[in-house]
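**Student:** just a sequence and a predicted model for now, questions to come.
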Amino acid sequence: MRNLKNTLFYLIVTGGFTALMYWIIEQGKLLEVGRKIISPTSSDSQWIQFLSSLFHNLQHPLALLLVQIISIVIVARIFGWIFRKIGQPSVIGEIIAGIVLGPSLFGLYFPDLKEALFPVASLGNLQVLSQVGLILFMFVIGMELDLKVLKNKANDAVVISHASIVIPFALGIGLSYFIYQNPEFTPEGVEFLSFALFMGIAMSITAFPVLARIVQERGIHKTRLGTIVITCAAADDITAWCLLAAVIAIVKAGSFVSSLYIIGLAILYVLMMLFVVKPFLKRVGDLYAKKDNIKKSVVAIFFLTLMVSAYLTEVIGIHALFGAFMAGAIMPDITKFRNVFIEKVEDVSVILLLPLFFVFTGLRTEIGLINEPYLWKITAYIVLVAVVGKFFGSALAARFVGQNWRESWTIGALMNTRGLMELVVLNIGYELGVLSPKVFTMMVIMALVTTFMTGPALDIINFIFKTKDVIIPSEVKKNSKFKILISFGNNEKGKSLLRLANSLVKGQPEAANVTAMHLTMSDEMHAFNIEEYEKETFEPIVKESKKLNQEITTIFKATGDIETDIADVAFEGQYDLVLVGLGKSIFEGTILGKVLGFTSRIINPDRLLDKFKGKEGLFENSPFDDRTRLIISKTKTPLGILIDKDLQQVNKVFLGIYSVGDVFLIDYAQRLMQNNQAQVTILDNNDHTKNNFLIQNSLEALEQKHGDKFDVFQPNQINKPFLLEQDLVIFSLETWKKLVDDEVSWLQDIPSVLIVKP
């Protein structure tokens, strides 16, 4: 009755207001009398009019900008993913994506489509947005810079860093003398001083963010070598940006004497930022450091500081990017504050806006301009001078201050990384009219080559000196009788894996080693907070280890390929067992979905993809997520995959023997009985305990030692009450796949599962 009244009221009110609006419109038409109202008169059909309107909407600047952003982000992410998979920084792939979308490839083969997507009139909007992205990115770079590192390890690093700037700077100026002689390489009216200074600074740049991530990915950030390299890069970054500011001032002023006014204003700006703005921001940071949430008004203060700083440096004449970098560098030295702002800024700048800069650079980079052998010869000379100056200059300086040859060459290879920072400098030079399109293209090629060669160069150095990047703790290298590596992504899974590892070794602590390893994607890490992040990550695991009275060794590493690194660490550390947790299965909603504790639609994307490919996946009807599948395929060490359903103890264990190949599981049963006094029930599916000599002997040996701790079950004895009593179920990998494929009904009632690959 109540619903009927509400419906009637709604109809009356709606009808009344509709009638009122209709009456007003009819009365309004009477006001048109005497006015020259232009009625649309088109002979086109309504469909043609609709298409015309749609085409007009597609050409609107906003619609065009949005489709440009969509295209750029998709292509940049695809290329970034491809290059990350081949061991290169994703930034290389994104730069290549920009060149692909430019006239060098897309414009060469699809000129009409390229002109439709990137018309010349629209490039101004793209440029402004890309510059905003760069400002935000440089703000993040400034925040990532840990100035405390410079204070603590300044001696050797400063010598190496300045050598890595002075030597390539001098060689760059020398090279510019020969290039400047050819008029086609320099825009008309450009003074030699301006051209030479830009060539010198372009040769001197090191990409601090790319270098920091490579160091983390290689696992050497905690070593003395890693510390020196990070410090060198930080000192190099600061020095190079100060030099760049001076060079821009000289170019804009026209002469060195005139530029002194700009440099003087820049010095006043830096002093104001260091001695006025920085203390103010620190006080604001201290007030809110212990609060859970940072107010929007406080966030506004810091963002205004960024924008005002960028504006001032742009007005002074040393470019807005320097102001953004400076604003980031003076942020309060509070990890929480820096993390908050990096999280707010980085995703938008790196994922959405920065690819616009790469594509805008690509639109300026015309590989087709380098169309004669002598032009490629000059490009080769530019690359050679860049490598000799930075690679060999840094390496020889490192050797001079006492580093061994391996470390010296490693420092040289890392300092030779240019990446995005080089493109920033080149674009500034191009916009100022100092670099011609041909020289700009040559320098972009140099930036790509020197960044691309970093990974292979490090691999060659490691091969020559017979070393590995995989850092294995010394306590693991000792000849422990049984070593377990647990690799965890989140703390809860990590604690369950640790409890399981403890149950396998706690009876023999002197003859075993348990290593807890956490790998994080390198693009989620920042140089300034890596130690604090590591401490926070391992804190719950360390607490759990003390509760279990289990000594653990820890390994922390930022990486670009988690699956490969798990396999490499397991192999290099000669571990006897690797334990990992299982991510969400692609079979949500099936019986396996119930096993894992969640349900959804019964859709098998892997099978669907295989239908298009015309083949089956890695595992037919695979019960594993993609990451686990890769770990299984790459790891040669015995591997245990834990499907965790809040594993708290391992006192009652159910172990399935489905084939002769499952006999190796009996060794794990024996360990659990011996070290954890666990009660083990063995499921004999096909009377292997009676008919197979190997299994029969293994069980007889087990009975002699632990006869009171295990029992043998037949399949018809399995029921829900029995399964609910168990803490852990253990199957071999092949058996588990078969059980899931057959959709065995009792699987939905089982507790935590350990799937073991021998």
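**Tutor:** Perfect, thanks for sending it. Residues are numbered from 1 along each chain as shown.
**Student:** pLDDT weak spots in the stretch 551-700 of the chain?
**Tutor:** 560, 583-626, 686-700 (pLDDT under 70).
**Student:** where do the strands of it begin and end?
**Tutor:** Ranges of strands within the stretch 551-700 of the chain are 552-559, 577-581, 639-643, 652-657, 679-684, based on DSSP state E, counting those that start in this stretch.
**Student:** next: the stretch 101-250 of the chain.
**Tutor:** Taking DSSP E, counting those that start in this stretch, the stretch 101-250 of the chain contains no strands at all.
**Student:** just checking, what packs against the helix or strand where residue 756 lies?
**Tutor:** For residue 756, the element it lies in under DSSP states H and E is strand 752-757. Applying 3 or more CB pairs under 8 Å, 6 or more residues apart in numbering; DSSP states H and E, we find strand 752-757 packed against strand 639-643, strand 728-732, helix 733-742. All C-beta atoms are positioned from the backbone trio N, CA, C, and that covers glycine.
**Student:** run me through the strand neighbours of it, direction for each.
**Tutor:** Sheet pairing of strand 752-757 (DSSP bridges) gives strand 639-643 (antiparallel), strand 728-732 (parallel).
**Student:** got the angle for that strand vs helix 733-742?
**Tutor:** Angle, strand 752-757 to helix 733-742, by axes from the mean of the first three to the mean of the last three CA atoms, to 10 degrees: 120 degrees.
**Student:** pull the CA atoms of strand 752-757 into CSV?
**Tutor:** Coordinates of each C-alpha in strand 752-757 appear next as CSV, following Å, rounded to 0.1, in the frame of the first residue of the first chain:
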residue,chain,number,x,y,z
SER,A,752,45.7,-25.2,3.5
VAL,A,753,47.4,-27.1,0.6
LEU,A,754,51.1,-27.6,-0.1
ILE,A,755,51.8,-28.5,-3.8
VAL,A,756,55.3,-29.8,-4.2
LYS,A,757,57.3,-30.0,-7.4
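**Student:** related to what we said a few turns ago, any chance of the helices and strands packed on strand 752-757 in CSV, plus distance to residue 239 and mean neighbour count?
**Tutor:** Putting the helices and strands packed on strand 752-757 into CSV (distance: least, CB to CB, whole Å; neighbours: other CB atoms under 10 Å) gives the following:
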stretch, distance to residue 239, mean neighbour count
strand 639-643, 48, 22
strand 728-732, 58, 24
helix 733-742, 54, 18
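**Student:** what's the helix or strand residue 74 falls within packed up against?
**Tutor:** Using DSSP H and E, residue 74 sits within helix 61-85. For helix 61-85, the packing partners by 3+ CB pairs under 8 Å, 6+ apart come out as helix 46-58, helix 90-101, helix 111-117, helix 123-144, helix 354-364.
**Student:** quick one: distance of stretch 304-315 to the chain centre.
**Tutor:** In terms of CA atoms, centre = their mean, to the nearest Å, the centre of stretch 304-315 is found 29 Å from the chain centre.
**Student:** so which bits of that stretch are buried?
**Tutor:** Within stretch 304-315, the residues that count as buried by 16 or more other CB atoms under 10 Å are 305-306, 309-310, 312-314.
**Student:** average pLDDT for it?
**Tutor:** For stretch 304-315, the mean pLDDT works out to 91.
**Student:** likewise stretch 137-145?
**Tutor:** 80.
**Student:** if we can go back for a sec, turn the strands of the stretch 551-700 of the chain into CSV, including distance to residue 379.
**Tutor:** As requested, the strands of the stretch 551-700 of the chain are exported to CSV (distance: least, CB to CB, whole Å):
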stretch, distance to residue 379
strand 552-559, 33
strand 577-581, 46
strand 639-643, 48
strand 652-657, 64
strand 679-684, 68
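**Student:** and the host helix or strand of residue 339, how far from the chain's centre?
**Tutor:** Applying DSSP H and E as the criterion places residue 339 in helix 335-346. Put simply, helix 335-346 sits 16 Å off its chain's centre (CA atoms, centre = their mean).
**Student:** residue ranges in the stretch 1-150 of the chain under the pLDDT threshold?
**Tutor:** In the stretch 1-150 of the chain (pLDDT under 70), the answer is 1-2, 36-46, 49, 146-150.
**Student:** residue 14 is nearest to which of the strands of the stretch 551-700 of the chain?
**Tutor:** Shortest distance between residue 14 and these, using CB to CB, is found for strand 639-643: 54.8 Å.
**Student:** a markdown table for the strands paired with strand 752-757, including distance to residue 540?
**Tutor:** A markdown table is the format used below for these (distance: least, CB to CB, whole Å):
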| stretch | distance to residue 540 |
| --- | --- |
| strand 639-643 | 17 |
| strand 728-732 | 21 |
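**Student:** mind listing what's buried along the helix holding residue 74?
**Tutor:** 64, 68-69, 71-73, 75-77, 79-80, 83-84.
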